[in-house]
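Asks: from the sequence below, what's the structure:
(2 chains)
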Amino acid sequence: MISALGPVASDLGANRVVRGVKIPHPCGDPTLDPAGDHALRVGLVKASLDALASKLDAARIFEAAR
Amino acid sequence: MSGLRVVHYLNQFFGRIGAEEAGDHPFTVREGPVGPGAGLQKELGDAGEVVATLICGDNRAATDLEAFGAEVEAALRAQRADVLVAGPAFNAGRYGLACGEACARAQAMGIPAVTALNVENPGVELYRRKTYILPTTPTALGMNETLARLARFAVKIGRREPLLSSAVEGYYGRGVRRTQILARPAADRALDMLAARIAGTPFVTELPLPAVDRVAPAAPVPDITRARIALVTTGGIVPKGNPDGLKQSNSTEWRAYPIDGVESLEPGRYESIHSGYDASAANANPNYVVPLDAVRELEHAHAFGALYPRYIVTTGVGTAVVEARRMGREIAADLRSQGVDAVILTAT
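Replies: Next up, the predicted model:
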């Protein structure tokens, strides 16, 4: 799950949480130039794929590499 | 004062019409009490009279609650009801829905109504904001004791006596807050609670937190490079013009839209209908909410197996937890049947 409210998502029972950017634009940042913004989004999806492939015993918040 | 005109609702079983085979029995009005209505009348004493009993088969009621509710309304009007008592329905699912719907309709007409359901009955979550629901045992073993509480409560609401909080009166909380002046200020009460907590002595919170489902983390996807992945969002991104009329808030529906061959969600072709956040960024670039462009890039780079050719959307604002849970179950079942291995859910 990609959410700008990482700890809230986690507290409410989501186990694999990727910390998103902001509530209205979790998967990107309009203040960045287009290339940087796109790279940020790719990083968030990569972190999501890592989360899906990770073995977990408890909820965890993943951070995208910036 | 003269006794209240009490109308009682029962299903086909308690209404002495038949068991499961009579589940389609049409809506019927009988004069006076039927079945448990006799016990209800005894508990009411002189305070009220069970003037009529409404009976409907569980299947008939639950499969078309709208039509059922209209029949209840007409009967309550014809009977000039002062108060409606429904059930108790214990943990019977369809019966619980019918009791909840009947009471909700009565309340909406200005006729006070009460039913009694076990905490596990789905009718509790669906209707507790719309009517008064008292807790019961899971089965009819608790019938007599429940009828006594229903009768007392019915007299109270029928006479329009002021009610105290759900904790005091014993009904399931309706999510209604009222201002109340207390002798001691909040800071003093909070410090008392803190002191009690540190001392390990019991205290009662004034702000109970909702109970949260805990699920064990799902096993990891064994081979992400072969995984079929779906995109799901609660961010309200729909094709421009919202062709299916999805609701902007309090959603009860989800939709799947094709993205086969689509490389990126282009502005002007997709838009956000979510009423709970500023949609300007999402409308300028819908990939901010459903990151399709990035997902496609990683798919082409073989970072995972394949993207499921539809994305799924609902609008997560003001949505009742019970509805969200149902939609989640439906979406998971649908994706599983389509051979999807994992989901990336984006939330706004």
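Asks: where does chain B have low pLDDT?
Replies: Low-confidence segments of chain B (pLDDT under 70): B:1, B:210.
Asks: where in chain A is pLDDT low?
Replies: For chain A, the stretches with pLDDT under 70 are A:66.
Asks: now with 90, please.
Replies: A:5-13, A:65-66 (pLDDT under 90).
Asks: torsion angles phi and psi at the most centrally placed residue in it?
Replies: For chain A, the residue nearest the mean C-alpha position is residue A:18 (2.8 Å; C-alpha atoms, centre = their mean). Torsion angles at residue A:18 (phi, psi; degrees, to the nearest 10) stand at phi -110, psi 130.
Asks: that one and residue A:4 touch, don't they?
Replies: No - applying C-beta atoms under 8 Å, one finds residue A:18 not in contact with residue A:4, separated by 10.2 Å. (Glycine included, C-beta is placed from N, CA and C.)
Asks: can you tell me which residues in the stretch 151-300 of chain B are near chain A?
Replies: Within reach of chain A by C-beta under 8 Å from any C-beta of the partner chain, the stretch 151-300 of chain B has these residues: B:212-221, B:224, B:227, B:229, B:235, B:277-282, B:284-285, B:287-291, B:293-295, B:297-298.
Asks: same thing but 7 Å
Replies: Residues of the stretch 151-300 of chain B found near chain A (C-beta under 7 Å from any C-beta of the partner chain) are B:212-215, B:217, B:220-221, B:224, B:277-278, B:281-282, B:284-285, B:287-289, B:291, B:293-295, B:297-298.
Asks: which of the residues you listed fall in helices?
Replies: Secondary structure defined by DSSP state H assigns B:281, B:282, B:284, B:293, B:294, B:295, B:297, B:298 of these to helices.
Asks: give me the PyMOL select line for those, limited to the buried ones.
Replies: The following PyMOL line selects those of these that are buried, judged by 16 or more other C-beta atoms under 10 Å in any protein chain shown:
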select buried, chain B and resi 281+282+293+294+295+297+298
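Asks: closest one of the ones in helices among the residues of the stretch 151-300 of chain B next to chain A to residue B:336?
Replies: Distance to residue B:336 across those (C-beta to C-beta) is lowest for residue B:295, with 20.0 Å.
Asks: measure that closest one to residue A:2 for me?
Replies: Residue B:295 is 11 Å from residue A:2, where distance means C-beta to C-beta, to the nearest Å.
Asks: where does residue B:197 sit: helix, strand or coil?
Replies: On the three-state scheme (DSSP: H, G, I helix; E, B strand; the rest coil), residue B:197 is labelled helix.
Asks: helices along chain B, start to end?
Replies: Going by DSSP H, chain B shows helices at B:37-44, B:58-63, B:65-79, B:93-108, B:122-127, B:143-158, B:166-169, B:186-199, B:280-284, B:292-300, B:321-337.
Asks: out of those, which gets nearest to residue B:25?
Replies: Comparing the helices of chain B under C-beta to C-beta, the one sitting nearest is helix B:58-63, at 6.4 Å.
Asks: got a list of contacts for that closest one?
Replies: Residues outside helix B:58-63 that contact it (C-beta atoms under 7 Å, 6 or more residues apart in numbering or on different chains) are B:11, B:12, B:23, B:24, B:25, B:26, B:68, B:94, B:95, B:97, B:98.
Asks: most neighbours among those, which one?
Replies: Neighbour counts for the contacts of helix B:58-63, by other C-beta atoms under 10 Å in any protein chain shown, peak at residue B:98, which reaches 32 neighbours.
Asks: separation between that one and chain A?
Replies: As for residue B:98, its distance to chain A is 31 Å (criterion: C-beta to the nearest C-beta, to the nearest Å).
Asks: try residue B:53
Replies: Distance from residue B:53 to chain A, by C-beta to the nearest C-beta: 43 Å.
Asks: does that residue touch residue B:33 like I think?
Replies: Yes - Residue B:53 is in contact with residue B:33 according to C-beta atoms under 7 Å; the separation is 6.1 Å.
Asks: these two: which has the busier surroundings?
Replies: Neighbour count, other C-beta under 10 Å: between residue B:53 and residue B:33, residue B:53 has more, with 26 against 21.
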